[in-house]
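Trainee: need coordinates for the below:
(one chain, ligands or ions: 1)
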Amino acid sequence: MKSTRDLKIATIGAGYVGLVTGVCFSDFGYEVICVDKDAGKIDRLNAGEMPIYEDGLEVLVERNVKVGRLHFTTDLSKAAPNADVIFIGVGTPPAKDGSADIQYVLAAAEELASLLEGFTVIAIKSTVPVGTGDKVEALMRKAAPEADFAVVSNPEFLREGAAIADFTDPDRVIIGTTDERARDVMARLYRPFSALGPPTVFTDRRTSELLKYAANAYLATKISFINEIADLCEAVGANVTDVAFGMGLDDRIGSKYLAPGPGFGGSCFPKDTRALLDIAKSAGVKSRIVEQVVEVNETRKQSMADKVLKLCGGSVKGRTIAVLGLAFKPNTDDVRDTPAFPIIKALQKAGAKIRAFDPEAMEESKAHLTDVTYCVDAYDCVRGADVAVLATEWAQFHNLDFSHMGEIMNARKIADLRNIYTPEDVRRHNFDYVSIGRA
Ligand SMILES: NC(=O)c1ccc[n+]([C@@H]2O[C@H](COP(=O)([O-])OP(=O)(O)OC[C@H]3O[C@@H](n4cnc5c(N)ncnc54)[C@H](O)[C@@H]3O)[C@@H](O)[C@H]2O)c1
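Mentor: Numbers count the residues shown, from 1 in each chain. Take a look at the predicted model:
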């Protein structure tokens, strides 16, 4: 037996969640097989190439593949029979009506059912509407009446860009099951994470499913809240940075997710807030706060484009705009629901020409944007531009050489949509500067 621990793991889906889950468990000594339908992704992983950008991932993959604990395949039948725990980490993208589309979860479960040997825990890591665990269980029982398994909800809270650290040192682990055997297996599985094991909430499956949406909706609420306060700061001549700092010092509030910006994006908050609204609607319950959170976030992108327009004297027709940052946040190449895209599209509609640079997300962006000139670095991007828009707070944008930028730009204007700089920093270099929620 290659594994230094007795539980064997499979993950279905080798995306941000499935891959990080598999890789991190293998690094804790478990034998893991990651399965994905995307043969290109599996080929790249088998060749030692990462299909996503996530700091530290490559080193862990290399280390665990080398000792024979981590494998990648497209063939579920090679993974499922031996596994004690099978994580489902496939996508749950938004359907047209905003609900979470669980077709990939159901398809994976159906495919699994007849392959199981011995007692197996099916742990759903995908973010799924309340009742999905029940549906998965019913579907699997029908497909394989003899199979011995338990379906557990085990939502994932990792943040892209800090996925490895978040996964291996989680604030909490949520395990939704009323099956005693499954509870024991899951508790054993997570125990090596720390001497005492991470703080774990054992609850029922439906509660666990809802908990994930409630947590994401709450974080999204904090972001929309501080964005509205930023607008108010601009209107009354106050400084949102100080407001947020002062608020965050209160333990009851906390400083995280109080950074104003162009609105939340990424693969989770936009879709999960909408899915929560759909869950509430189906249950006949009003979710007025989350409705407003979504609405505030939607209107924010146009108001960011308007900010750039105002900086340019009311028109960007024929102007060249340099957009620094395309990913929805730094340290990831994920551009799903990134605020940069609607802002770029609004500026293009107003007649602007766009140059763009992102350290990791340019390839991913090409399928979503047209008529954009992609650049090799920040300075190449701003060369000849009439305004630079800071759209993602990558570390390399935190120390730009403004003197040099002033020399190579057509006009000295910066719209800092992430408050990377202070107005004093930038105006010292004779730039016109706008940011969020500051005079
Ligand atoms: N990305 C995040 O930061 C994050 C954080 C927490 C939770 N989640 C949730 O986790 C889930 C997965 O998100 P993601 O960002 O990892 O998605 P992703 O799109 O990066 O990866 C999903 C993978 O599943 C594969 N797949 C789909 N059906 C399959 C099947 N039947 N068999 C094998 N592979 C299959 C796809 O090819 C893809 O590679 C979603 O529900 C998401 O909401 C994501």
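
Trainee: C-alpha only now, for contacts and for neighbours.
Mentor: OK.

Trainee: tell me which parts of the stretch 1-150 of the chain are close to the ligand?
Mentor: By Cα under 6 Å from any ligand atom, the part of the stretch 1-150 of the chain that sits against the ligand consists of 12-18, 35-38, 89-92, 104, 107-108, 125-127.

Trainee: which of those residues are buried, as a PyMOL select command?
Mentor: For the buried members of these, the matching PyMOL selection, counting by 16 or more other Cα atoms under 10 Å, is:
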select buried, resi 12+13+14+15+16+17+18+35+36+89+90+91+92+104+108+125+126+127
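
Trainee: in this protein, what residue sits furthest out from the centroid?
Mentor: Using Cα atoms, centre = their mean, the residue of the chain lying farthest from its centre is residue 146. It sits 37.8 Å away.

Trainee: quick one, grab the pLDDT at that residue.
Mentor: pLDDT for residue 146: 96.

Trainee: please apply the same query to residue 5.
Mentor: 56.

Trainee: cool, and residue 299?
Mentor: Residue 299 is assigned 96 on the pLDDT scale.

Trainee: now the residue in the stretch 101-250 of the chain that the ligand sits nearest to: which helix or strand?
Mentor: Closest residue of the stretch 101-250 of the chain to the ligand, Cα to the nearest ligand atom: residue 126 (3.5 Å). Here residue 126, judged by DSSP states H and E, is contained in no helix and no strand.

Trainee: could you find the closest non-adjacent residue to it?
Mentor: Excluding the flanking residues, the one nearest residue 126 by Cα to Cα, 6 or more residues apart in numbering is residue 89, at 4.8 Å.

Trainee: same deal with residue 176?
Mentor: residue 205 (4.0 Å).

Trainee: residue 106 too?
Mentor: Leaving aside its sequence neighbours, residue 106 sits nearest to residue 136 (Cα to Cα, 6+ apart; 6.1 Å).

Trainee: run a quick neighbour tally on residue 182.
Mentor: The number of residues packed near residue 182 is 24, by other Cα atoms under 10 Å.

Trainee: so after the strand or helix carrying it, what's the next helix or strand?
Mentor: Taking DSSP H and E as the criterion, residue 182 maps to helix 180-190. Following helix 180-190 in sequence order, the next helix or strand is strand 200-203 (DSSP H and E).

Trainee: helices and strands around that following strand, which ones?
Mentor: Identification of packing neighbours for strand 200-203 by 3 or more Cα pairs under 8 Å, 6 or more residues apart in numbering; DSSP states H and E yields strand 173-176.

Trainee: next, the residues that contact the strand it packs on from outside, please.
Mentor: 152-155, 183, 186, 198-209 (Cα atoms under 8 Å, 6 or more residues apart in numbering).

Trainee: the same query, at a cut-off of 6 Å, please.
Mentor: By Cα atoms under 6 Å, 6 or more residues apart in numbering, the residues outside strand 173-176 that reach it are 152, 153, 154, 200, 201, 202, 203, 204, 205, 208.

Trainee: list the contacts of the last one.
Mentor: By Cα under 6 Å, 6+ apart, residue 208 lies in contact with residue 176.

Trainee: let's see it at 7 Å
Mentor: The contact partners of residue 208, taken as Cα atoms under 7 Å, 6 or more residues apart in numbering, are 153, 174, 175, 176.

Trainee: again with the fourth one
Mentor: Applying Cα under 7 Å, 6+ apart to residue 200 gives the contacts 172, 173, 174.

Trainee: likewise for the first one?
Mentor: Residue 152 makes contact with 121, 122, 123, 124, 175, 176, 177, 205 under the criterion Cα under 7 Å, 6+ apart.

Trainee: the first one in helix, strand or coil?
Mentor: This points to residue 121. Three-state assignment for residue 121 (DSSP: H, G, I helix; E, B strand; the rest coil): strand.

Trainee: just confirm it contacts residue 83, I think it does.
Mentor: No. Under the criterion of Cα atoms under 7 Å, residue 121 makes no contact with residue 83, lying 8.6 Å away.

Trainee: can you give me the strands for this structure?
Mentor: Ranges of strands in the chain, per DSSP state E, are 8-12, 31-35, 70-73, 85-88, 120-124, 149-153, 173-176, 200-203, 320-324, 353-357, 372-374, 387-390, 413-416, 432-434.

Trainee: can you list the ones you listed in a markdown table and add mean pLDDT?
Mentor: Output for the strands of the chain, formatted as a markdown table (pLDDT from 0 to 100):
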| stretch | mean pLDDT |
| --- | --- |
| strand 8-12 | 98 |
| strand 31-35 | 98 |
| strand 70-73 | 98 |
| strand 85-88 | 98 |
| strand 120-124 | 98 |
| strand 149-153 | 98 |
| strand 173-176 | 97 |
| strand 200-203 | 96 |
| strand 320-324 | 98 |
| strand 353-357 | 98 |
| strand 372-374 | 98 |
| strand 387-390 | 98 |
| strand 413-416 | 98 |
| strand 432-434 | 97 |
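
Trainee: buried set for stretch 252-269?
Mentor: 257-269.

Trainee: what about the residues you listed, which are in helices?
Mentor: By the criterion of DSSP state H, membership of the buried residues of stretch 252-269 in helices covers residue 269.

Trainee: lowest-confidence entry in the buried residues of stretch 252-269?
Mentor: The minimum pLDDT among the buried residues of stretch 252-269 falls on residue 267, with 92.

Trainee: chain neighbours aside, what residue packs nearest to it?
Mentor: Nearest-residue entry for residue 267: residue 336, 5.3 Å, with adjacent residues in sequence omitted and distances by Cα to Cα, 6+ apart.

Trainee: please apply the same query to residue 237.
Mentor: Nearest one to residue 237, counting by Cα to Cα, 6+ apart, is residue 439 at 5.8 Å.

Trainee: then residue 57?
Mentor: residue 164 (7.1 Å).

Trainee: give me the pLDDT for the one you found.
Mentor: pLDDT, residue 164: 96.

Trainee: residue 41 contacts residue 49, doesn't it?
Mentor: No. The criterion here is Cα under 7 Å, and residue 41 misses it with residue 49 at 8.9 Å.

Trainee: now for residue 50, how many residues are close by?
Mentor: By other Cα under 10 Å, neighbour count at residue 50 equals 16.

Trainee: I'd say it and residue 58 touch.
Mentor: Yes. Using Cα under 7 Å, residue 50 makes contact with residue 58 at a distance of 6.4 Å.

Trainee: noted, bye for now.
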